[in-house]
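Trainee: missing the sequence, but the structure's below:
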């Protein structure tokens, strides 16, 4: 019996060793079809600079009252005119969003060290604070100055900086794709000539870019691929950004100012008296294309 068990164990070990020798390493994938012949991979680049065509900013309005209903009514009345005025610029040009929060205000007392502490008991509530944040997305930058001026005319408690971005249209994307592939061919021809070969036909354009990163046989990366485009904002002294949040202190509603003054008509009239210069910055867009060529 012992010799038989030894023979079985030996056969199992031999089978395991043979399988290990013939199986491909677990850390690599199978070679793609276009690698059966000589190939060259090359990344092409296309670069352009265009003005930003998107802008976004937000403003916050605070209201205080003894009851939730009164605080909410003040917040709505305070921002209704502004929202109406912004929507008048065109729903397809200016997109407005609203965020609403509320918190209780409590009586305070001092501890033995003199620190002021909120008495967070239900029977110690003295009032309510409602915060309404208006988010403004500018899809037509020609309306940025008007939208900015109207938000400032509504005297928000605080406001964020203006952020600019570029949303390329289909024509720009197609143009950059063509130019990046052309650039890849020029680079590949130079590399082929330097190696004593001639460039053949395109075998594939790799949208993941893995072939040009020399890891095509490695497992697929787990990170998400976002395409071959990168944006770079070019600083401009005339970008017209909001100052820091401290500027909101100077925009507090003055004593005696009635909320009904913030109608759409009053906001627009005030904005016309105080124009703001907003110049979108230039944004550089870089497109890449990974192209695999045959070598002759």
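Mentor: Ah, there it is. Here the structure is a predicted model, which means the values were calculated and not measured.
Trainee: The chain: helices as residue ranges?
Mentor: 2-22, 68-87, 144-153, 170-194, 264-273 (DSSP state H).
Trainee: and of these, who's closest to residue 55?
Mentor: Residue 55 sits nearest to helix 144-153 of all the helices of the chain, at 5.1 Å, using C-beta to C-beta. For every residue, glycine as well, the C-beta is placed using N, CA and C.
Trainee: quick one: which of the helices of the chain is nearest residue 210?
Mentor: helix 170-194 (15.1 Å).
Trainee: who does that closest one touch, helix- and strand-wise?
Mentor: Applying 3 or more C-beta pairs under 8 Å, 6 or more residues apart in numbering; DSSP states H and E, one finds that helix 170-194 contacts strand 39-51, strand 199-206, strand 282-295.
Trainee: And it, what's buried?
Mentor: Under the neighbour-count criterion of 16 or more other C-beta atoms under 10 Å, helix 170-194 has 172, 176-177, 179-181, 183-185, 187-188, 191-192 buried.
Trainee: do the same with stretch 135-152
Mentor: Of the residues in stretch 135-152, 136-139, 141, 143-152 count as buried by neighbour count, 16+ other C-beta under 10 Å.
Trainee: which among these gets closest to residue 211?
Mentor: Of all the buried residues of stretch 135-152, residue 139 has the smallest distance to residue 211: 36.7 Å, by C-beta to C-beta.
Trainee: show me what contacts the closest one?
Mentor: Neighbouring residues of residue 139 by C-beta atoms under 8 Å, 6 or more residues apart in numbering: 53, 54, 92, 93, 94, 95, 167.
Trainee: beta partners for residue 159?
Mentor: residue 59 (DSSP bridges).
Trainee: how near is it to residue 137?
Mentor: 15 Å (C-beta to C-beta, to the nearest Å).
Trainee: ok, now residue 102?
Mentor: 25 Å.
Trainee: would CSV of the helices of the chain with distance to residue 288 and mean pLDDT be doable?
Mentor: CSV is the format used below for the helices of the chain (distance: least, C-beta to C-beta, whole Å; pLDDT from 0 to 100):
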stretch, distance to residue 288, mean pLDDT
helix 2-22, 38, 48
helix 68-87, 38, 89
helix 144-153, 31, 91
helix 170-194, 6, 92
helix 264-273, 43, 77
